[in-house]
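# Curious how this folds, go ahead:
(chains A and B)
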Amino acid sequence: MKPFNNAFTIFLSLLVEALPFLLLGVLFSSALLLFVNERNLVKRLPKNPVLGAFAGSLVGFLFPVCECGNVPVARRLLVQGVSPAVAVGFLLAAPTINPIVIWSTWAAFRDRPEIVVLRVVFSLVVATVIGVIFSIQGDLRPLLHPNLVRAMPKLRSETPETEEKPALLKSGTYLLGQSGGTLRLDDATASEDILEAIAPDAVIATNASGKQRWQLFVDNTIAELRELGGVLVLGSAIAAFVQVAVPREAILNLGQGPVTSILVMLGLAALVSICSTVDAFFALSFSSAFTSGSLLAFLVFGPTIDLKSIGLLLSIFRTRAVVYLFILAAQLTFFLTLLVNLHWS
Amino acid sequence: MTNPKPQMTNRLWIPWLDALALAVWGLLMLKYWLTGKLNILIHPAYHWLCVAGGLGLLAVGGYKIWQLWKQHRRVRREVEALSESHLTLFPPGWGSMLLLVAAIAGLSITPRPFASQTALEVGVTDLLSATRSQPQSFRSLKKPEERTLIDWIRTLNVYPEPDEYTGDRVSVEGFVIHPPEFPKGYMVISRFVITCCAADAYPIGLPVKLPPNSPKYPADTWLLVQGEMITETLVDVRKLVIQATQIETIPEPKNPYDY
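Residues are numbered from 1 along each chain as shown, chains lettered A, B, ... in the order given. Here you go, the predicted structure:
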């Protein structure tokens, strides 16, 4: 019974510590769905790829969403015409670079402030670099999900390179046929319709009465708590099980190697899919046995891409692009955190 | 569209389940707070957060239950709207079911603090070596006899030479561990330390040399050990050891951890 009791205590302690943060994160993201004016925001973001990617990474401070909330927001931003650098930067960094996640990481690693700081720095670096890489593509359309491409407004002359790409022209024609107007008119009307089709919450939110908004807020809060809470329960169960059931020798063997520890944690990050608001507590339960670099690898890579978010990402990107994102994020995280391990040991 | 009724009736439960799962979690967190069990789970610095979270979950779940109760008929529409507008990871009802089962387990099984067996599994080497908290510029301002176990371990981390402390008065509380490799007449007095929650608990401890003719204290007994510091070679290593002069059995403290 002892191992069971210990596992149960760990399991409950993770949940009791994490749920308040999850609730706070969900309340924020539900409120922002209603109160942040995305259109104004989009107009103010810089066009330069590097600045754009960096700015996109920091937009998370306005949208404290974890990796489930960021995909719908990124989708809406793309539909409203942000540059690829901004969208990808936002997508990868928002789940980490936001006040609630930084606070919960601080709560978990109070005695190791370097973990908190490096998590933020590395996430910014990874998101900005990948944002810039994706901006080389110039126009993201070939990498995006066809449904989303149809919803995007930009087919004007301000992006001349689009004319060279036949695939894009095809989607443009389609868009024309759908709305039956000129391309310029498209921007104002068609994207609103399609936005409603793919992101109904956003449109309902802007048009709703006070009472409807409140209801939307409540329902969105409950839906996110249900989903993310479910994943949290599974994640906590896994963390508790590993701590109690896997022999400590085995964990130490894996966890002390500068390379193996990072690989194990990257794998765990991809598998466990725990929400970024509370993943610091999961990492914490490995902190006595694993290298600092590997804990960082978990904290930096997990929020960018994991098993759960792949499904969501496929609603934005084609498979090819998700694979690029996955590989780039994993490689960058690996090299950055390996530096930490080698430098500190 | 031929016969959607059975599925619909099934799905009517889902909003109730969602709301109930959240409300029960709110109750559980408040219960831990009221019964003092929160001490076993998380660091006191975060108790307020747990209380606020519990109240918040109870409010959200309770409000939804009240709403569902009041507007029985609107549910059908909401179920349809929700299933369309949200990206779901689980089949309907699963997320809430997981939450609810965890909360019910929490209500029915009382969490227990870790014991000597766990400390031994983590390893006596860990037990007597470094703590994780970095003692950067740590200086213990406390008199030796006022130091707790963790104060002692932190002091030792900064000045590891055991002879430094010879003759210092000691008075510490903790539970008993009997490492198998220790000779007769010796044991370890130990406590778990947490920085955030039970998931990061790790044991610290100091060896105790029992006075002659003292009874054998069973593992996990909580003791107040008083005596003075000496240096001895235990299991081939020179160590700081408490030479006990007085040992008193005490009840398990409400808050078993040290910080």
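
# okay, CA-based contacts and neighbour counts for the rest of this
Will do.

# hey, C-alpha coordinates of stretch A:334-345 in PDB?
Extracted in PDB, the C-alpha atoms of stretch A:334-345 (Å, rounded to 0.1, in the frame of the first residue of the first chain):
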ATOM      1  CA  PHE A 334      17.800  20.500 -27.900                       C
ATOM      2  CA  PHE A 335      20.800  22.600 -28.800                       C
ATOM      3  CA  LEU A 336      19.900  25.400 -26.400                       C
ATOM      4  CA  THR A 337      19.400  23.100 -23.400                       C
ATOM      5  CA  LEU A 338      22.400  21.000 -24.300                       C
ATOM      6  CA  LEU A 339      24.400  24.200 -23.900                       C
ATOM      7  CA  VAL A 340      23.000  24.600 -20.500                       C
ATOM      8  CA  ASN A 341      23.900  21.100 -19.500                       C
ATOM      9  CA  LEU A 342      27.400  21.300 -20.800                       C
ATOM     10  CA  HIS A 343      28.000  24.800 -19.400                       C
ATOM     11  CA  TRP A 344      26.800  23.900 -15.900                       C
ATOM     12  CA  SER A 345      28.300  20.500 -15.500                       C
END
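
# and stretch B:176-196 with chain A, contact?
Yes: applying CA under 8 Å from any CA of the partner chain, one finds stretch B:176-196 in contact with chain A at B:195-196.

# Report the buried residues of that stretch.
B:176-179, B:186-196 (16 or more other CA atoms under 10 Å in any protein chain shown).

# Looking at those residues, spot the one nearest B:Gln226.
In terms of CA to CA, no member of those lies closer to B:Gln226 than B:Ile189, at 11.2 Å.

# Nearest spatial neighbour of that closest one, chain-adjacent residues omitted?
In space, and not counting its chain neighbours, B:Ile189 is closest to B:Val176: 5.0 Å by CA to CA, 6 or more residues apart in numbering or on different chains.

# Equivalent analysis for A:Val120, please.
Per CA to CA, 6+ apart, closest to A:Val120 is A:Ile97, 6.2 Å.

# Could you grab the helix/strand/coil label for the one you found?
Secondary structure assignment for A:Ile97 (DSSP: H, G, I helix; E, B strand; the rest coil): coil.

# Repeat that for B:Glu248.
Assignment for B:Glu248 (three-state DSSP): strand.

# So in terms of bridging, what pairs with it?
B:Leu224 (DSSP bridges).

# repeat for the one 10 residues further on
B:Asp258 has the following beta-bridge partners by DSSP bridges: B:Val193.

# Just the pLDDT at it, thanks.
Here, the pLDDT recorded for B:Asp258 equals 79.

# what does A:Tyr174 give?
In this model, A:Tyr174 carries a pLDDT of 37.

# show me where pLDDT drops low in the chain?
With no chain named, the answer covers chain A. A:1, A:36, A:64-69, A:138, A:153-208, A:308, A:345 (pLDDT under 70).

# my bad, chain B
Low-confidence segments of chain B, defined by pLDDT under 70: B:1-10, B:72-90, B:122-141.

# all strands of it, in order?
For chain B, applying DSSP state E gives strands covering B:169-177, B:186-193, B:202-209, B:222-234, B:237-249, B:257-258.

# what's next to the last one, contact-wise?
Spelled out, it's strand B:257-258. The contact list for strand B:257-258, computed with CA atoms under 8 Å, 6 or more residues apart in numbering or on different chains, reads B:39-40, B:149-150, B:191-194.

# A:Gly60: which of those is nearest?
Nearest member of these to A:Gly60, counting by CA to CA, is B:Ile194, at 31.0 Å.

# The closest one touches B:Tyr259, doesn't it?
Yes: between B:Ile194 and B:Tyr259 there is a contact under CA atoms under 8 Å: 5.9 Å.

# what residues does the stretch 1-150 of chain A put near chain B?
A:5-6, A:8-14, A:16-17, A:19-21, A:23, A:107-112.

# Give me the buried entries from those.
So, by 16+ other CA under 10 Å, the buried ones in the residues of the stretch 1-150 of chain A next to chain B are A:5-6, A:8-14, A:16-17, A:19-21, A:23, A:107-110.

# burial count for A:Ser209?
11 (other CA atoms under 10 Å in any protein chain shown).

# picking up where we left off before, wait, the residue nearest to B:Ile189 touches B:Ala115, no?
No: judged on CA under 8 Å, B:Val176 makes no contact with B:Ala115 at a distance of 9.1 Å.

# List the residues that are in contact with both of the two.
B:Asp220.

# and the contacts of strand B:257-258 as CSV, adding distance to A:Val129?
Below are these laid out as CSV (distance: CA to CA, whole Å):
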residue, distance to A:Val129
B:Asn39, 44
B:Ile40, 43
B:Leu149, 47
B:Ile150, 44
B:Arg191, 46
B:Phe192, 43
B:Val193, 40
B:Ile194, 37
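
# Which of those residues sits closest to chain A?
Taking CA to the nearest CA as the measure, chain A lies nearest B:Ile40 of the contacts of strand B:257-258, at 8.0 Å.

# count of neighbours near that closest one?
24.

# I'd assumed B:Arg112 was in contact with it.
Yes: counting by CA under 8 Å, B:Ile40 touches B:Arg112, with 7.1 Å between them.

# Overlap in contacts, those two.
With CA under 8 Å, 6+ apart as the test, B:Ile40 and B:Arg112 both reach A:Thr9.

# Enumerate the residues of the stretch 151-259 of chain B near chain A.
Counting by CA under 8 Å from any CA, the stretch 151-259 of chain B sits next to chain A at B:195-200.

# Now B:Gly93. Nearest residue, chain neighbours left out?
B:Ile14 (5.6 Å).

# how close does that neighbour sit to B:Ser96?
With distances taken as CA to CA, to the nearest Å, B:Ile14 is found 8 Å from B:Ser96.

# A:Lys211 now?
Taken as CA to CA, the span from A:Lys211 to B:Ser96 is 26 Å.

# of these two, who's got more company?
B:Ser96 (28 against 9).

# if I look at that one, how far off is chain A?
5 Å (CA to the nearest CA, to the nearest Å).

# packing partners for the host helix or strand of A:Thr333?
A:Thr333 belongs to helix A:319-344 when elements are defined using DSSP states H and E. Contacts defined by 3 or more CA pairs under 8 Å, 6 or more residues apart in numbering or on different chains; DSSP states H and E place helix A:319-344 against helix A:113-136, helix A:260-272, helix A:292-304.

# mind redoing it with 7 Å?
Judged by 3 or more CA pairs under 7 Å, 6 or more residues apart in numbering or on different chains; DSSP states H and E, helix A:319-344 is in contact with helix A:292-304.

# ok, back up a step: next up, the contacts around the residue nearest to A:Val120.
Contact analysis of A:Ile97 by CA atoms under 7 Å, 6 or more residues apart in numbering or on different chains lists A:58, A:60-61, A:120.

# number of nearby residues for residue 62?
Defaulting to chain A. Neighbour tally, A:Leu62, other CA under 10 Å: 16.

# nope, chain B
Residues near B:Gly62, counting by other CA under 10 Å: 18.

# Return the residues of the stretch 201-345 of chain A in contact with chain B.
Residues of the stretch 201-345 of chain A that fall close to chain B, judged by CA under 7 Å from any CA of the partner chain: A:201, A:222, A:226-227, A:229-230, A:233, A:248, A:284-285, A:308.

# just to revisit the earlier point, in helices, which of the contacts of A:Ile97 fall?
Counting by DSSP state H, the contacts of A:Ile97 place A:58, A:120 in helices.

# Redo the contacts of A:Ile97 as a markdown table? Include neighbour count and distance to B:Lys70.
Output for the contacts of A:Ile97, formatted as a markdown table (neighbours: other CA atoms under 10 Å in any protein chain shown; distance: CA to CA, whole Å):
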| residue | neighbour count | distance to B:Lys70 |
| --- | --- | --- |
| A:Leu58 | 22 | 42 |
| A:Gly60 | 23 | 37 |
| A:Phe61 | 17 | 37 |
| A:Val120 | 21 | 45 |
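
# quick one: which of the contacts of A:Ile97 is nearest to A:Asp139?
Distances from A:Asp139 to the contacts of A:Ile97, taken by CA to CA, are shortest for A:Leu58, at 21.9 Å.

# Apart from its neighbours in sequence, what residue is nearest that closest one?
Distances taken as CA to CA, 6+ apart place A:Ile97 nearest to A:Leu58, at 6.5 Å, with adjacent residues excluded.
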